[in-house]
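1. quick one: sequence and predicted model below, then my questions.
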Amino acid sequence: MSVLKINKLTKKFGKLTAVDQLDLTIEEGQVYGILGPNGSGKTTTLGMILEVVAPSSGSFEWFGGVENVAARQKIGAILETPCFYSYLTAVQNLRIVAHIKKCGTSNIDNILKQVNLFERRNDKFKNFSLGMKQRLSLAAALLSDPPVLMLDEPTNGLDPEGIAEVRQLIRDIAAQGKTIIMASHLLDEVQKVCTDFCILRKGVKLHEGSVHEILGETNVVEISSTDLDQLTTTVSKFEGLEKLEKENGSLKAFLKEGQSSDHLNRFCFDQGIALKKLIPQSKSLEQEFLKILKEND
Ligand SMILES: Nc1ncnc2c1ncn2[C@@H]1O[C@H](COP(=O)(O)OP(=O)(O)OP(=O)(O)O)[C@@H](O)[C@H]1O
């Protein structure tokens, strides 16, 4: 059963179409990234599926069509930094959230441990760093143990350490089997955290698929051996070679379609050359992202 099915969802603000006929399906256990530049319609999409923004047309269905109130209880969401009370401690703030969500307080210590704030549980919110505040927001969203977590730009404004902590936390939460839906304008964030993603531009979905699939090997292999001249001469005879470039004491072999680093390795071995280095270059989401944008120009 899909967690969420979005069907031709559209939001217009006057003349501007912020989200345009969006179709998406999110499956259980996915960490689904909605990737797009500022203004591409990510927050509006999250707002609609949380029912805080009314769609202009189209529809969506949570958990195979359960009632909206029941669905809402299964979703922990952070769209903005929630309003915690600055003079109250982490524990006191979470008690208030638990009261509002009617979900009991017995889980608070565990969740504080999970988000790595247990040691600071009796510190006031106003003394927290931005990263700690963000982790407390995650704790609040996790309080009712929802199977789905929805995050909007979860690392916005954080320093590199805070970013790494929050990303690790998201991966840990995903490892518990929760489904995570997150909006991000950061390619490397989606690459590092998400299993699946779509690209939005001006409200239109340009691409969707698995992160793993899009990040396969390129046709470029970096190789070296003790005698680079001999390696150049030999590899130039390899039938599967498109071109060869010298780079910083290594060779960059561009292979023809259907050829792999294994083929090249075997060829060198058969020619009596032991490679010192054989590194197939992986694709980066950035390269693929730019390619997708270009294809859709
Ligand atoms: N309440 C509103 N009234 C009018 N226009 C709006 C409103 N909310 C959003 N928009 C516009 O809709 C478009 C999509 O905005 P949205 O916030 O969904 O994008 P986003 O991808 O989340 O960008 P960001 O990362 O900057 O939040 C933008 O052009 C924005 O200006």
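-> On my side now, so go ahead. Residues are numbered from 1 along each chain as shown.
2. who in this protein is up against the ligand?
-> Counting by C-beta under 6 Å from any ligand atom, the residues of the chain close to the ligand are F13, L16, A18, G36, N38, G39, S40, G41, K42, T43, T44, H185. Every residue, glycine included, has its C-beta placed from N, CA and C.
3. buried subset of those, written for PyMOL?
-> Selection of buried members from the residues of the chain next to the ligand for PyMOL, criterion 16 or more other C-beta atoms under 10 Å:
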select buried, resi 18+36+40+41+42+43+44+185
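4. so which of the residues of the chain next to the ligand sit within helices?
-> Among the residues of the chain next to the ligand, DSSP state H puts K42, T43, T44 in helices.
5. which one is the last one nearest to, not counting chain neighbours?
-> If I follow you right, that is T44. Among residues not flanking T44 along the chain, A18 sits closest, at 4.5 Å (C-beta to C-beta, 6 or more residues apart in numbering).
6. pretty sure that neighbour contacts G41?
-> Yes: at 4.8 Å, A18 counts as touching G41 under the criterion of C-beta atoms under 8 Å.
7. next one: G157 relative to the ligand, how far apart?
-> G157 sits 12 Å away from the ligand, going by C-beta to the nearest ligand atom, to the nearest Å.
8. ok, for that residue, nearest residue in space, not its chain neighbours?
-> With sequence-adjacent residues excluded and distances taken as C-beta to C-beta, 6+ apart, G157 is closest to L130, at 5.7 Å.
9. and for that neighbour, the neighbour number?
-> 14 (other C-beta atoms under 10 Å).
10. kindly state the pLDDT recorded for it?
-> As summarised for this prediction, L130 has a pLDDT of 87.
11. show me what contacts it?
-> With contacts defined as C-beta atoms under 8 Å, 6 or more residues apart in numbering, L130 is in contact with G157, L158, D159, G162.
12. only whichever of those are buried, select them in ChimeraX.
-> Those of the contacts of L130 that count as buried under 16+ other C-beta under 10 Å are selected in ChimeraX with:
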select :158,162
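13. inside helices: which ones of the contacts of L130?
-> Here DSSP H is the test, and the contacts of L130 give G162 as lying in helices.
14. from the contact counts, what lies against the helix or strand hosting L278?
-> Applying DSSP states H and E as the criterion places L278 in strand 277-282. Under the contact definition 3 or more C-beta pairs under 8 Å, 6 or more residues apart in numbering; DSSP states H and E, strand 277-282 sits against strand 217-224, helix 261-270.
15. count of residues packed around D227?
-> 11.
16. can you report how many residues neighbour I170?
-> 23.
17. just L285 next, same as before
-> 23.
18. only alpha carbons, please: show the helix or strand of the chain with the lowest mean pLDDT as PDB.
-> Least confident helix or strand, the chain: helix 68-72 with a mean of 74, by mean pLDDT, DSSP states H and E. C-alpha atoms of helix 68-72 as PDB (Å, rounded to 0.1, in the frame of the first residue of the first chain):
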ATOM      1  CA  ASN A  68      -8.000  12.800   6.700                       C
ATOM      2  CA  VAL A  69      -8.100  13.100  10.500                       C
ATOM      3  CA  ALA A  70      -6.900   9.500  10.900                       C
ATOM      4  CA  ALA A  71      -4.200  10.200   8.300                       C
ATOM      5  CA  ARG A  72      -3.100  13.400  10.100                       C
END
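19. what's the following helix or strand after it?
-> According to DSSP H and E, the helix or strand after helix 68-72 is strand 75-78.
20. which other helices and strands does that next one contact?
-> By 3+ C-beta pairs under 8 Å, 6+ apart, strand 75-78 packs against helix 130-142, strand 148-152.
21. just checking: what are the partner strands of that strand?
-> Strand 75-78 has its sheet partners listed here by DSSP bridges as strand 148-152 (parallel).
22. can you tell me what sits against the strand it pairs with?
-> 3-4, 42-43, 46, 49-50, 74-80, 138, 141-142, 170, 173, 178-183.
23. repeat that for stretch 237-257.
-> Taking C-beta under 8 Å, 6+ apart as the rule, stretch 237-257 contacts 219-224, 228, 231-232, 235-236, 258-259, 261, 263-264, 267, 271, 277.
24. contacts only, for the nearest residue to G36 once chain neighbours are set aside.
-> Residue nearest to G36 in three dimensions, not counting chain neighbours: L200, with 3.6 Å by C-beta to C-beta, 6+ apart. With contacts defined as C-beta under 8 Å, 6+ apart, L200 is in contact with V19, L22, I34, L35, G36, S40, G41, K42, T45, L206.
25. thank you kindly, that will do.
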